[in-house]
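Student: no sequence for this one, just the structure:
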């Protein structure tokens, strides 16, 4: 082929993705090479505007997709001659979209400018630096996380389609991934699995949402480097850090009308590619009683005081870091949610108004939770010429949880549950990669000790126990071509748990443990057996999947994973009355591991103005552990339903969907939908606590030239859950001195609801490089009264009503 | 250098591991002293030398065994009985008298008596610190008919003593949470 001219004409289409501004920094440096073939190669380097290489950035050239390596260099071979669209992207940076004529081997260097605007909520990440290449990971970006500064991690996670939340009131929020939560969802904070009594349905992750620079969600057990028991999925939290040589700070202050309080979070970051760098962040929150549309939600205030900091020293061949975080929260639990017996519960359900409604106060009385979590992590990584690394990591976690209940007299000041959980984890991870393959392997060990303080004068929900875990994994990732990547991994875990628990002799006999578990009996104290149950588990987990790009606009991910989860302490040992549900919950020593096999696939298509992402999945769980009603027991407070942990075979099938439509350069529409159906295959009935179908529509107007104005209206439609097991039971209430049987309706889900939310922000320059973002938002604009199926307090009170919020963000 | 760091880290970890074994803490071998549990509710109804004792005893608390209810004998009709109710925790050693705690926090408790109207009527004879009824002491005036059925006694913690009818012994608007609810089968006869 002849080359007609020496000067290339490059037409740049700078695609105004959203409120994209003035000029995209694009420097195209062209080198002329001279020889012409029908296919050419394009190479170059992707950096920031300050010349820092952007590893793992994404370069689409015509039909090809390649990624840049650690030095920012990329190479795309075999590009057919002719016009080709080049699209370069890196999360958090402005993308470049241009059209070039390829008539020769070319060299393009791209400089991407940091995207400081607050759009593109849930970003898309691919291949390099991902936790699993064959899973479509979903990330929540920092700008979005900041919106939730005064709320919780669980609230922020709802930005991801397919994630809902299991709540206790409005401040205890646990993430549900594709219908699963608790011990089935692992939360990884800065490469350490949070051990914060996550089995409890009323225990929120002990994590300050402000400390997350980036949140990634893996819906499934495919992140084998973090463990093999994440039957539901993984939430991966990474702190904000900069590799640039800068010192910058950030403060976010939020004021909320509902709760009449707010939060303030400030951080300082010293970045450096090599040498010393450090980060420090502090957060305070102070909120009073929340308000439902018709009444005060008494005793729902909360406080938080958190600190996170790290120091890192880096050289080209190694880095060493020390990280510390402290989370401290006091959370009021709705006063009306404490019930003494089933009659109280029946009255709460049927009265529709909480039994305790007082005037607004900041004071937190009982019931309440006081939790603090400390994490210390030390890590050392050795790098070999950009292709391999070896990391040693040690983490210490100490979690103290105290729960105070409504009690008589001086006992009010004594925690009813007092647990101290200590976890040491050591791990070594090795990574090696070459042009078309990558390999990761690691070994980890942990020791955990839970101390259930007997001074509470209440028999503890879970006993004192210790646990040893050790795991071994290997993950291999192979690029058959630039558009076809296969990843597979395998992991083995060994676990041993030893507990010390007093069983009432009557309970021990009722459970039928006499013959089967007599070896656990160690002593006796009047009416109780002192037992030392001990269990060991061996688990194998695996993941295999691929990502195929058919064309530069089509992506197909498919993944199959196998996970095994051991019974947690509450599933094994629970033994007593749960005051918020009026149910006697019983653990079961005979439980064995549950094994999940999940198939998940994502199809993603991007056009110029429209993109769509569809993720159907099927999760088959053998020996799924769940609480099932089995009968009644009468105590001095009256008769209570008894639920015990049992195992069944379960199937969860669902679909998550996200689409984005660019209506015009300034108008964007986002749609997300999530549907899941959970079925107990052995009993042939629906699973309890499955998230109902929800649909979110968001329309956004953005104008860069008006102080970066953003206006957003969000509609949240949550359907009624029509698939639920019928667990209603009969009890006697007293009417005119006579006992009358009534049905306690604990099963019927609340009706569907629709909420509207508004968000707006403008950005102003203050002085120098200091800029401020002022945001005003309204949640639940119409002050709708509603109850949510997945709120543990739905029997007692409505959800919070309208909330006006003002947020000031200053970057300096 | 790296090896030294690693091994010292491992050593450190080992020290921690061995320092906090279950067996080191004697507290875990002592059963929790459940001081608050109510195991026994005893009601005595006295008219001169006629004393009827009603007892409900549940010695395993929230455990599977149901309370054992005993009634010493029948009540006479058309009779005014002086009633007193006591609450004990027989799991604690020595036995804990919870009645005293209720008296101390009289404004946070109230006891309710319920039976069909033909059984007679109940009246409070004691008050809390605010002059509102408490209910540890009461009178039971039996009716004019021969009847049998259940007498239900309920101890409510943190009731709304200002609720409509609550000071007259009507539990309907009392709210609060139930600390004890016992059912005595009684006979009222000649």
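Tutor: Structure received. Quick caveat, the model's predicted, so the values are computed rather than measured.

Student: the helix or strand where residue B:156 lies pairs with which strands?
Tutor: Element membership for residue B:156 (DSSP states H and E) is strand B:147-157. Its sheet considered, strand B:147-157 pairs with strand B:109-114 (antiparallel), strand B:177-189 (antiparallel) by DSSP bridges.

Student: pull the distance from the last one to the chain's centre.
Tutor: Which is strand B:177-189. On the basis of Cα atoms, centre = their mean, to the nearest Å, strand B:177-189 sits 12 Å off its chain's mean C-alpha point.

Student: contacts only, for whichever residue of the stretch 651-800 of chain A sits closest to chain B.
Tutor: Taking Cβ to the nearest Cβ, chain B has its nearest neighbour within the stretch 651-800 of chain A at residue A:737, 4.3 Å off. From N, CA and C alone the C-beta is placed, and that goes for glycine too. Residues near residue A:737 by Cβ atoms under 8 Å, 6 or more residues apart in numbering or on different chains: B:114-117, B:119, B:152.

Student: of those, buried ones?
Tutor: Neighbour counting by 16 or more other Cβ atoms under 10 Å in any protein chain shown classes B:114-115, B:119, B:152 among these as buried.

Student: highest average neighbour count across the strands paired with strand B:147-157?
Tutor: Most buried of the strands paired with strand B:147-157, by mean neighbour count (mean count of other Cβ atoms under 10 Å in any protein chain shown): strand B:109-114, with a mean of 24.

Student: quick one, helices of the stretch 51-200 of chain A?
Tutor: Secondary structure of the stretch 51-200 of chain A (DSSP state H, counting those that start in this stretch): helices at A:142-147, A:153-157.

Student: tell me the helices and strands packed up against the shortest one.
Tutor: Spelled out, that is helix A:153-157. In terms of contacts (3 or more Cβ pairs under 8 Å, 6 or more residues apart in numbering or on different chains; DSSP states H and E), helix A:153-157 is packed against helix A:142-147, strand A:163-168, strand A:172-177, strand A:214-218, strand A:233-238.

Student: ok, and the closest non-adjacent residue to residue B:68?
Tutor: The spatially closest residue to residue B:68, leaving aside those adjacent along the chain, is residue B:57, at 5.1 Å (Cβ to Cβ, 6 or more residues apart in numbering or on different chains).

Student: for the one you found, report the pLDDT, please.
Tutor: pLDDT for residue B:57: 94.

Student: can you put the contacts of residue A:737 in a markdown table and add distance to residue A:247 and pLDDT?
Tutor: Output for the contacts of residue A:737, formatted as a markdown table (distance: Cβ to Cβ, whole Å; pLDDT from 0 to 100):
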| residue | distance to residue A:247 | pLDDT |
| --- | --- | --- |
| B:114 | 72 | 93 |
| B:115 | 77 | 93 |
| B:116 | 79 | 92 |
| B:117 | 80 | 90 |
| B:119 | 81 | 93 |
| B:152 | 71 | 94 |
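
Student: between these, which is nearest residue A:68?
Tutor: residue B:152 (76.5 Å; Cβ to Cβ).

Student: and the residue of the stretch 651-800 of chain A closest to chain B, backbone torsions?
Tutor: Phi and psi for residue A:737, reported as degrees, to the nearest 10, are phi 80, psi 0.

Student: also residue A:566?
Tutor: The phi/psi pair for residue A:566 (degrees, to the nearest 10) is phi -80, psi 150.

Student: pull out the buried positions in stretch A:689-698.
Tutor: Applying 16+ other Cβ under 10 Å to stretch A:689-698 flags A:689-696, A:698 as buried.

Student: what do you get for stretch A:740-757?
Tutor: A:742, A:744, A:746, A:749-750, A:752-753, A:755, A:757.

Student: what's the first-to-last distance across it?
Tutor: 45 Å (Cα to Cα, to the nearest Å).

Student: tell me which element the residue nearest to residue A:730 when sequence neighbours are not counted is part of?
Tutor: Take residue A:730 and drop its neighbours on the chain: the residue closest to it by Cβ to Cβ, 6+ apart is residue A:741, 5.2 Å away. Applying DSSP H and E as the criterion places residue A:741 in strand A:738-744.

Student: tell me which helix or strand comes right after that strand.
Tutor: Toward the C-terminus from strand A:738-744 - assigned by DSSP H and E - lies strand A:753-765.

Student: so which elements touch that following strand?
Tutor: Against strand A:753-765 (3+ Cβ pairs under 8 Å, 6+ apart) you get strand A:709-718, strand A:771-779.

Student: can you give me the strands for chain B?
Tutor: B:40-47, B:50-57, B:68-71, B:75-76, B:80-89, B:96-97, B:109-114, B:120-124, B:137-142, B:147-157, B:177-189 (DSSP state E).

Student: and of those, who's closest to residue A:218?
Tutor: Using Cβ to Cβ, the strands of chain B put strand B:177-189 closest to residue A:218, at 42.1 Å.

Student: how near is the residue of the stretch 1-150 of chain A found nearest chain B to residue A:649?
Tutor: As assessed by Cβ to the nearest Cβ, chain B sits closest to residue A:70 within the stretch 1-150 of chain A, at 21.4 Å. Look at residue A:70 and residue A:649: by Cβ to Cβ, to the nearest Å, they are 46 Å apart.

Student: go on, residue A:480?
Tutor: When residue A:480 is compared with residue A:649 (using Cβ to Cβ), they lie 36 Å apart.

Student: the two: which is more packed in?
Tutor: Legend: neighbour count by other Cβ atoms under 10 Å in any protein chain shown for residue A:480 and residue A:649, higher for residue A:649 (16 against 12).

Student: who's in contact with that one?
Tutor: Residue A:649 touches A:620-624, A:680-682, counting by Cβ under 8 Å, 6+ apart.

Student: could you give the average pLDDT over the helix or strand where it lies?
Tutor: Secondary structure assigned from DSSP H and E places residue A:649 in strand A:638-662. Per-residue pLDDT values over strand A:638-662 give a mean of 93.

Student: for the nearest residue to residue A:679 once chain neighbours are set aside, list each beta-bridge partner.
Tutor: Nearest non-adjacent residue to residue A:679, counting by Cβ to Cβ, 6+ apart: residue A:651, 4.8 Å away. Beta-bridge pairing for residue A:651 (DSSP bridges): residue A:620, residue A:679.
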